[in-house]
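Peer 1: Generate a structure from the sequence data that follows.
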Amino acid sequence: MTITMSGICPLCGKVSFVDVDERAWNAYEAGALIQDAFPEMDPMTREILISGMCEPCQMTFFEEDDEDCDGECDVCFDFDCPANASYFAPQEEE
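Peer 2: Just a heads-up that it's a prediction; the model follows:
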């Protein structure tokens, strides 16, 4: 059975709707990782289910702009960003 979920974008207020399999949704609600519950779903659609953020706002929010990067942002997911150097670096064993 398919159910329709909705999310309100925290940035622009747009309401987005996503049709999901009810069993997969129940698995997600019970604690399954979203990528495990919905492996066929693209990451942008999964983000709507997680945060409500609509696709246009995701494209703006997660946009990579290396030319303007100063390494001081709190939301950068760019592997090459200087701010993420310690986050992505191999961890030394103690």
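Peer 1: Report the buried residues of stretch 43-56.
Peer 2: Residues of stretch 43-56 classed as buried under the neighbour-count rule (16 or more other C-beta atoms under 10 Å) are 45, 46, 47, 48, 49, 51, 52, 53, 54. Bear in mind the C-beta positions are built from the backbone N, C-alpha and C, glycine included.
Peer 1: And the furthest pair within those?
Peer 2: The distance between the two most remote of the buried residues of stretch 43-56 (C-beta to C-beta) is 13.2 Å, for 46 and 54.
Peer 1: which regions of the chain sit below the pLDDT cut-off?
Peer 2: Residue ranges of the chain with pLDDT under 70: 63-94.
Peer 1: what about the helices in it?
Peer 2: 22-29, 34-37, 43-51, 55-61, 85-88 (DSSP state H).
Peer 1: Format those as JSON lines; extra columns: distance to residue 16.
Peer 2: Putting those into JSON lines (distance: least, C-beta to C-beta, whole Å) gives the following:
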{"stretch": "helix 22-29", "distance to residue 16": "15"}
{"stretch": "helix 34-37", "distance to residue 16": "15"}
{"stretch": "helix 43-51", "distance to residue 16": "5"}
{"stretch": "helix 55-61", "distance to residue 16": "7"}
{"stretch": "helix 85-88", "distance to residue 16": "29"}
